[in-house]
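1. got a sequence here, can you build the structure:
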Amino acid sequence: MAVKMIVCDIDGTLVTDREKIIPLANIRALQKAQDAGILVTIASGRVASSLHAYAMALDIIDNCPYVVGSNGGAVLNLKTREYVYDEVVSYEDTLWAMTIVKAFGYDFYLAPLDEQKAYVSQKKVVVDDPFLLRNSGMKTEIINWDKIPQMRKVVISCHDEEKQNWLRQQIAISPTLRTEVTGYGFIEIIPKNVNKWQGILRLIAALKDNANIHLDWDEIMCFGDQMNDYEMIKNAKYGIALANAVPQLKEVAVAITNKDNNAAGIADYLYQTILK
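-> Residues are numbered from 1 along each chain as shown. Coordinates of the predicted model:
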């Protein structure tokens, strides 16, 4: 395998389900990969500014300062805090989408342009913290429906597949927006042309233009578990699905790890292949 970069999803892939921590085996394996000259980075549905702590835990910033956030909608340089790519929803689309979200009636959080904030549907969301907003460091405010902010995305908590389909049908008429199922009963509204693979390609371009690091698409290994990882697992030459991944992702993956995310499936796979 001629792998020059490893890209990891976070939730359900890099970290454990309950504690949301990176298993020590994953940290050590990804550090060994870096010692061998392989770049390591993160591609997550989370907003890009919230990825700094995970990047620090993996000690990847000096080798690759760029991370992919918002399901591919943002590429952030963690050293300079500058975005080399930032795709956001227009204000008109924000207002249109939020009328549908309001009719939908499920709890949500809206991620505005200011990534340090999150607007939630009600106080109960803050108390129960289903979106792990406390772990993200974002300040939470209950939304004022008369003053809706422009958004990067909105994340809705809904485990009912029939209701999710209703939301998809409502958003599908938009030429600029789409829905994305991220697992754990969450469904997102994001820009239509945004996905993690496109974000990775933007990251590759940034490395070439700003760091004189040249990577080809077929030198990348990606790890994921949910449908918001679909494009990067399908398009990467080495698209690897975790053992706990959804069936649709396993169908397009080159390989499936023997262990799940809670048992450091990434490390186990790396030690059996490129770190063997």
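
2. my read: Thr41 touches Val7, true?
-> Yes - at 5.6 Å, Thr41 counts as touching Val7 under the criterion of C-beta atoms under 8 Å. (Each C-beta comes from the backbone N, C-alpha and C, glycine too.)

3. overlap in contacts, the two.
-> Common contacts of Thr41 and Val7, defined by C-beta atoms under 8 Å, 6 or more residues apart in numbering, comprise Val68.

4. and Gln31, helix, strand or coil?
-> Per DSSP: H, G, I helix; E, B strand; the rest coil, the local secondary structure of Gln31 is helix.

5. could we number from 36 for the rest of this?
-> Understood, numbering begins at 36; the last thing we discussed is Gln66.

6. quick check, pLDDT for the spatially closest residue to it that is not a sequence neighbour.
-> Nearest residue to Gln66, sequence neighbours excluded (C-beta to C-beta, 6 or more residues apart in numbering): Asp94, at 6.4 Å. pLDDT recorded at Asp94 is 97.

7. from Leu113, how far off is Asp94?
-> 12 Å (C-beta to C-beta, to the nearest Å).

8. between those two, who's got more neighbours?
-> Leu113 (20 against 13; other C-beta atoms under 10 Å).

9. doesn't Ala88 make contact with the more buried one?
-> No - using C-beta under 8 Å as the test, Leu113 is too far from Ala88 to be in contact (10.4 Å).

10. so where does Thr214 fall, helix or strand?
-> Following DSSP states H and E, one finds Thr214 within strand 212-218.

11. so where's the chain uncertain?
-> Along the chain, segments meeting pLDDT under 70 span 36.

12. tell me the buried residues in the lengthiest helix in it?
-> Ranked by number of residues, the top helix in the chain under DSSP state H is helix 231-246. By 16 or more other C-beta atoms under 10 Å, the buried positions in helix 231-246 come out as Lys231, Trp232, Gln233, Gly234, Ile235, Leu236, Arg237, Leu238, Ile239, Ala241, Leu242.

13. could you dump those residues to CSV with distance to Ala271?
-> CSV is the format used below for the buried residues of helix 231-246 (distance: C-beta to C-beta, whole Å):
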residue, distance to Ala271
Lys231, 10
Trp232, 7
Gln233, 12
Gly234, 12
Ile235, 8
Leu236, 11
Arg237, 15
Leu238, 13
Ile239, 11
Ala241, 18
Leu242, 16
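
14. mind checking the SS state of Val75?
-> For Val75, the secondary-structure state derived from three-state DSSP is strand.

15. send me the longest helix of the chain as CSV with only the CA atoms.
-> Extracted in CSV, the C-alpha atoms of helix 231-246 (Å, rounded to 0.1, in the frame of the first residue of the first chain):
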residue,chain,number,x,y,z
LYS,A,231,-16.2,14.7,3.3
TRP,A,232,-14.5,13.6,0.1
GLN,A,233,-14.8,17.1,-1.4
GLY,A,234,-13.4,18.5,1.9
ILE,A,235,-10.4,16.1,1.6
LEU,A,236,-9.7,17.2,-1.9
ARG,A,237,-9.7,20.8,-0.7
LEU,A,238,-7.3,19.8,2.1
ILE,A,239,-5.0,18.2,-0.5
ALA,A,240,-5.0,21.4,-2.5
ALA,A,241,-4.2,23.5,0.6
LEU,A,242,-1.2,21.2,1.4
LYS,A,243,0.1,21.6,-2.1
ASP,A,244,-0.4,25.4,-2.3
ASN,A,245,0.7,26.3,1.2
ALA,A,246,3.1,23.6,2.3
